[in-house]
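1. next input, structure requested:
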Amino acid sequence: MKKLITCFLLCISQLIYAQNVKSLSQITVNQLYTGTLQSVLTQISKENSLKFSILDPEIGSIEIIERPANQSLEEFLNLLAKKKKLKWYVGEDGILYFKNASKNETLNIEQSTKNGLHEFPSRISGIVKDFQTGEALPFASVSVKGGKGTTTNVDGYFTLQNIPKGTKLLLVNYLGYKIREVSASQISSPNNVVLEIEPLSKQLDEVVVSTAKEELMKVSSDDQISTIKLSPAKLATLPNIGERDIFRGFQLMPGISGSNEASSGLYVRGGTPDQNLVLYDGFTIYHVDHLYGFFSAFNSNAIKDVQLYKGGFDARYGGRLSSVVQLTGKEGNAKNINVGGDVSLLSMNVFAEVPLGDKFSSLIAFRRSYTGGIYSKIFNKFNTSTQSNAQNQLQQGPGTRGGPGPGGLLGGNNRFADIQTIPKSYFYDLNAKFTYKPTTKDIISLSIFNGTDDLDNSTIISTPAALASRGITFDNTTNDKTNYGNLGSSLKWSHRYSDKLYSNTLISYSQYYSTRNRLSTINITRNNGTPIEIKSGFIQDNNLEDYSIRSDFEYKMNASNDVNFGLQLTHNKIKYDYTQNDTVKVLNRNNAGNLAAFYVQDNIKIGFLKITPGVRVNQFSVTNKVYVEPRLNLKLALLEGFNFVAAAGIYHQFAQRVEQEDILNGSSNFWLLPNGDNIPISSSKHFIAGLNYETKNYYFSVEGYYKSLSDITQYSLRVQARPTRGREGGGPPTPGGTTSTVLENFFIGSGSAKGVELMAQKKAGAYNGWVSYTLAQVLNNFDAFSTKDFPASQDVRNEFKMVHTYRWKKFDFSATWIYATGRPYTAPEGGYTISLPDGSTRSYNIVGAKNGKRLPDYHRFDIAAVYNFKLFKNLPSTLSLSTFNVYNRKNVWYKQFSIVDNQLVEVDVTNLGITPNLTLSVRLR
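-> Numbering: from 1, shown residues only. This is a model prediction of the structure:
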């Protein structure tokens, strides 16, 4: 009976095939066809209601110039195949398939092979790739339809074990790509399977789509708790200030603060940006900002994959207290040359992808800002603060800041001063990656990254007419020059020993550099007398170097155990200098240290339970101590679609960014290496639990967390003023006499963060998006500041976010809204003036309760529209119009204080108002 049914099905399939061939023989073509094979087939398919699929993407760019004269389509395709060394056939699904005749048969998911398997064996292994570029896709999902699955590793390789007997369909899923169904008949061997999937953003004109999901964001509930994945390609659909920004995209997620408009850094679950481990192709990025913090340093044209672990991350990662951001750079198109670029009101962005043969690919991307509307708007926002400080100097007299000072030059009136600012600011970043695959088991890649900001807000103040008439001349140059950035590189060798054992070995170098010059020099001449030079301000220089080597191994012991283990060695050199008034060396540190780490973990699957116990062991040479970090992740499948998730772990941070308190002008930060004494090793404990429910189109989750922080550090420059005694050994103070000493203080404290996150997401369809709410509290405890717990600077109690995207024909529309309660700040209550060791005077504030007040609530509405089209009928292009802060909300950025005529003056410095942006993007492919 089975043989009879099989024979009947074969006859039916041959009959369908014959009817298709017959229909092709009856179609007549009689016109000139020019262009690529892709475009010619598209034209033919539209004229004759046919569908086609190109199995080997490299043949799609073959140039065609043919003029058939009343030939049948079958004859024309045969002639074309002969001339261009192609093969074509009509599949059982009625689709015309084209492939490279000179190439060995590729196990491509669109193709059915005559020698295909009847059903999947118990184990298959292979790699998942982009159909058009040939790039391997990391962390893609390969699963039995309706059953168990696995994910690819960072290089796209996978092994799926214990496949149930009788399985005939697998699903391949990757964010931003079409979901593909792979049948057993489409592969001829269970080993070295190449599964190619197609990006949603670059759909072939007439290829059949099994399922299309327009997801921008994916919350992973399979392998790691509190994990979020973004699609870099779809970021262009979201509103932006001037650039597609991966980190700004993350700020729309629950648990990540979205109200820090002037910082693209991530405040994750009460943590600060320096507490996030940011890895780019394996090396650490220590600073993620461009242009005063408004944009992140990562070019989305160079990023293939990005994942954020919000907390409870496993033993593979260490050295940070809060979260992990893992970015994987593009390898470049492995099949065809591709170039493209973006032009916006902020910057220009170009890239090139060049393959050499079948084994080498490369990508180079470069981005640079220019002085346009958006750049000038942000610059002016900062420049206003600089000019305000310069005005205060004139009002207050020489050698003072924030106070009246002796002998004010203008007697409280500076309206005649001519203050000039000449902007010379820009940022750029460069990404390059070169990948060589000598064998099917080896990958060698070199990745390079450099991002730099050169910001110059210096001012020149000329003599006001009011002073010149009194015989007083002066020139005042107030420097405000900042140069900072990152330089990093990694060389990685990946080797696949078998379908069970895989390794990555990497050596890397990373540098963070930051120099800021805020010196002000005033030269005063009275009635042609001797000039008086007065200097104030500071110079700050911070340089961090990171030399690392690490090896990571994955061993798939069996279907129930995936073991990860590895070793990492890091050498850090950190220098920090802080000089005041060009004479006083307040802080001068130059430290080095070695960190060695080993980790092991096992991903265990027992029925409905997935559990990942692990441990990371660190040895730090500076303290000569061992720090043990146990980790645990678990997921329990309750009912269909319902999961309970939990995680716990201990974490330490060795290289630390310390906050320098500055009440008047805003705090600054610098990196230091702990010494275990007045700068201890910070530590944190994470406890997370939650429930989620997922269907094909929807995702709902609630997740709670508690995080304790120990030995966190803040730095403050304090001046100790003492009354001068009338005689040696005691006695009453001399009236009005004081001495002062400049002191550096590292304050050690503790803290905690706790919160609940709610999210509802629509994942699929033309309309999708999410709504989220976070209730959180972040407290610090520093004995030097308060005897009680006080809100941390990043404490935001309530945050509500909505993200909506909609695709209509060739348009993508999106809208986002953020509401957050105000952040805390410390307000001064008065001030005093003292003499410094160099003879100058300075005004200091009497500080109120630490973070005792809060800024007003923050809210903002952004919209965007993207038009997708083909420039010159061939080049994939988009035109994006985005409007930031549509209703022009005046959100307070920070408070600025000064003392004028013995009165404390408070000024609100606001964030950006309504800001439109226009971006044109063009690609060759």
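2. just the buried positions in the helix or strand hosting Thr452, please.
-> Per DSSP states H and E, Thr452 falls inside strand 442-456. Within strand 442-456, the residues that qualify as buried by neighbour count (16 or more other Cβ atoms under 10 Å) are 443-445, 447-453, 455-456. (C-beta placed from N, C-alpha, C; glycine too.)
3. pLDDT and distance to Phe120 for the residues you listed - can I get that in JSON lines?
-> Shown next, in JSON lines, are the buried residues of strand 442-456 (pLDDT from 0 to 100; distance: Cβ to Cβ, whole Å):
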{"residue": "Ile443", "pLDDT": "94", "distance to Phe120": "26"}
{"residue": "Ile444", "pLDDT": "95", "distance to Phe120": "32"}
{"residue": "Ser445", "pLDDT": "95", "distance to Phe120": "31"}
{"residue": "Ser447", "pLDDT": "96", "distance to Phe120": "35"}
{"residue": "Ile448", "pLDDT": "96", "distance to Phe120": "41"}
{"residue": "Phe449", "pLDDT": "96", "distance to Phe120": "41"}
{"residue": "Asn450", "pLDDT": "95", "distance to Phe120": "46"}
{"residue": "Gly451", "pLDDT": "92", "distance to Phe120": "45"}
{"residue": "Thr452", "pLDDT": "92", "distance to Phe120": "51"}
{"residue": "Asp453", "pLDDT": "88", "distance to Phe120": "52"}
{"residue": "Leu455", "pLDDT": "81", "distance to Phe120": "58"}
{"residue": "Asp456", "pLDDT": "79", "distance to Phe120": "63"}
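4. got a markdown table for those, with distance to Leu879 too?
-> Putting the buried residues of strand 442-456 into a markdown table (distance: Cβ to Cβ, whole Å) gives the following:
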| residue | distance to Leu879 |
| --- | --- |
| Ile443 | 37 |
| Ile444 | 39 |
| Ser445 | 34 |
| Ser447 | 31 |
| Ile448 | 31 |
| Phe449 | 29 |
| Asn450 | 30 |
| Gly451 | 27 |
| Thr452 | 30 |
| Asp453 | 28 |
| Leu455 | 30 |
| Asp456 | 33 |
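5. nearest to Leu758, of these?
-> Nearest to Leu758 among these is Gly451, at 35.3 Å by Cβ to Cβ.
6. next up, the contacts around the closest one.
-> 290, 297, 427-430, 485-486 (Cβ atoms under 8 Å, 6 or more residues apart in numbering).
7. which of those sits closest to Arg320?
-> Nearest member of the contacts of Gly451 to Arg320, counting by Cβ to Cβ, is Asn486, at 16.2 Å.
8. and the closest one, what pLDDT?
-> Asn486 carries a pLDDT value of 94.
9. for it, what is the enclosing helix or strand?
-> Going by DSSP H and E, Asn486 is part of strand 481-496.
10. buried sites along that strand?
-> Buried, per 16+ other Cβ under 10 Å, within strand 481-496: 481-482, 484-492, 494, 496.
11. what angle do it and strand 442-456 make?
-> 170 degrees (axes from the mean of the first three to the mean of the last three Cα atoms, to 10 degrees).
12. can you tell me which helices and strands strand 481-496 packs against?
-> Counting contacts by 3 or more Cβ pairs under 8 Å, 6 or more residues apart in numbering; DSSP states H and E, strand 481-496 is packed against strand 283-284, strand 442-456, strand 501-517.
13. quick check: buried residues in the following helix or strand past the strand holding Thr452?
-> Remark: after strand 442-456, the chain's next helix or strand is strand 459-462, criterion DSSP H and E. Within strand 459-462, the residues that count as buried by 16+ other Cβ under 10 Å are 459, 461.
14. Glu640: how many residues sit nearby?
-> 8 (other Cβ atoms under 10 Å).
15. ok, Ile228 next?
-> 21.
16. residue contacts, it?
-> Counting by Cβ under 8 Å, 6+ apart, Ile228 has contacts 217-220, 250, 253, 307-308, 310.
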